[in-house]
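Peer 1: I need the structure of the sequence given here:
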Amino acid sequence: MARISSYPIDSTIQDKDSWIGTESTNRVTRNFTAEDIANYVVTSTSGVTGSGTFNTIPLWTPDGTKLGDSQLRQLGPNASGLYQLRFENADRFIINKPSSVTSGDPEYLITQDGNYKVSMGWDDDGAGFGYLYNWAGDGWRFGSAGNNPELTIVTTVGSEGVTIANDLIINGSTTTAGDLIVESGLVDGDSTYGTAGQVLSSTGTQTEWVDPSAAITKLIPYFQLATPGGSDTYTQSNNIVDFDWSGGSGTYEYILPSATAIPYRKIRFVNNSTITASDKIHITAPGTETIDGGAFYEINKPYNGCAVWSDGVQWIVIQAKG
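Peer 2: Numbering: from 1, shown residues only. Just a heads-up that it's a prediction; the model follows:
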């Protein structure tokens, strides 16, 4: 028989290649295939060498042939049943996305049972800005230990039914009552700081630094056309109504909103010279409600008017021109 060393080397091993060996149980000679030996190595040793620590994510060791501990490990559960991933002796966590990939946004995402909750990331395929995103649409809260929250950024609709997106709500802390401290300049809607002595006033849609004489209260009216035999119900949010008359003589009915629906609201009514003694406008309480104990209040002369107020049950005339 030739020496084994004299046989040629086969560098293309296949599953069914075999070699002869001795079975350890009964010491008999057997053939062993490459496929069976490979399966045995994976089953008995996982085909991996090296050592590691329980609940620590493995990392290839410097020589690239073995696995060892990385800096990332799982902790928990704690007394509250919570788990955490912890980086040991680490300074930064970096997502390095190739510039050649322009779709998708690098993101850290928190989900609950598969439902998106909160994201933090970068708008790579849009304007290129960083973002914080609340998928529930409830805004953001910022605080510190013992003072949580101190600052709330609201992005929802308030209980009063109007959108208050982008509002900042300061809840205060243990040493302040929610004060807003501005150490540098305060810029108005026109991007100006104003001048000495000016006050910050509302223009209706933004704020503006103005001279004190210009900071006056304005009532923006709702203009209502009154016609003989006509009737309308007031549903606007303006707190003053200006009447004009059109047509011949008669009576026009203008129905107030419910006093119980908007307690403590005040509404003023005025008219010009188009309304004469032959024209009557009835400011009417809705349903079974009353105005000064009656069904309506009458306006019947030029340049007249009144102011009414809701006590939460009925309407009361609190001012009327003689």
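Peer 1: just the buried residues of stretch 219-238, please?
Peer 2: By 16 or more other C-beta atoms under 10 Å, the buried positions in stretch 219-238 come out as 221, 224, 226, 234. The C-beta positions use only the backbone N, C-alpha and C, and glycine is treated the same way.
Peer 1: quick check: which element contains the nearest residue to the first one once chain neighbours are set aside?
Peer 2: On the basis of C-beta to C-beta, 6 or more residues apart in numbering, the spatially nearest residue to residue 221 that is not a chain neighbour turns out to be residue 242, at 4.3 Å. When secondary structure is defined by DSSP states H and E, residue 242 falls within strand 240-245.
Peer 1: what mean pLDDT does that strand have?
Peer 2: Averaging pLDDT along strand 240-245 yields 96.
Peer 1: go on, stretch 23-38?
Peer 2: 88.
Peer 1: how far does that stretch sit from the chain's center?
Peer 2: 66 Å (C-alpha atoms, centre = their mean, to the nearest Å).
Peer 1: next one: stretch 132-151
Peer 2: 10 Å.
Peer 1: after the lowest-mean-pLDDT helix or strand in the chain comes which helix or strand?
Peer 2: Least confident helix or strand of the chain, by mean pLDDT, DSSP states H and E, is strand 167-170 with a mean of 60. For strand 167-170, the following helix or strand on the C-terminal side (DSSP H and E) is strand 199-202.
Peer 1: next, the buried residues of that next one.
Peer 2: For strand 199-202, burial by neighbour count (16+ other C-beta under 10 Å) applies to residue 201.
Peer 1: return the residues in contact with the residue lying closest to residue 111 once chain neighbours are set aside.
Peer 2: Counting by C-beta to C-beta, 6+ apart, residue 111 lies nearest to residue 117, which is 6.0 Å off, once chain neighbours are set aside. By C-beta atoms under 8 Å, 6 or more residues apart in numbering, the contact set of residue 117 is 110, 111, 134, 135, 136.
Peer 1: could you rerun that using 10 Å?
Peer 2: Residue 117 makes contact with 109, 110, 111, 133, 134, 135, 136, according to C-beta atoms under 10 Å, 6 or more residues apart in numbering.
Peer 1: turn those residues into JSON lines, including secondary structure.
Peer 2: Below are the contacts of residue 117 laid out as JSON lines (DSSP: H, G, I helix; E, B strand; the rest coil):
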{"residue": "109", "secondary structure": "strand"}
{"residue": "110", "secondary structure": "strand"}
{"residue": "111", "secondary structure": "strand"}
{"residue": "133", "secondary structure": "strand"}
{"residue": "134", "secondary structure": "strand"}
{"residue": "135", "secondary structure": "coil"}
{"residue": "136", "secondary structure": "coil"}
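Peer 1: could you tell me the end-to-end distance of stretch 190-201?
Peer 2: Distance between the two ends of stretch 190-201: 12 Å, counting by C-alpha to C-alpha, to the nearest Å.
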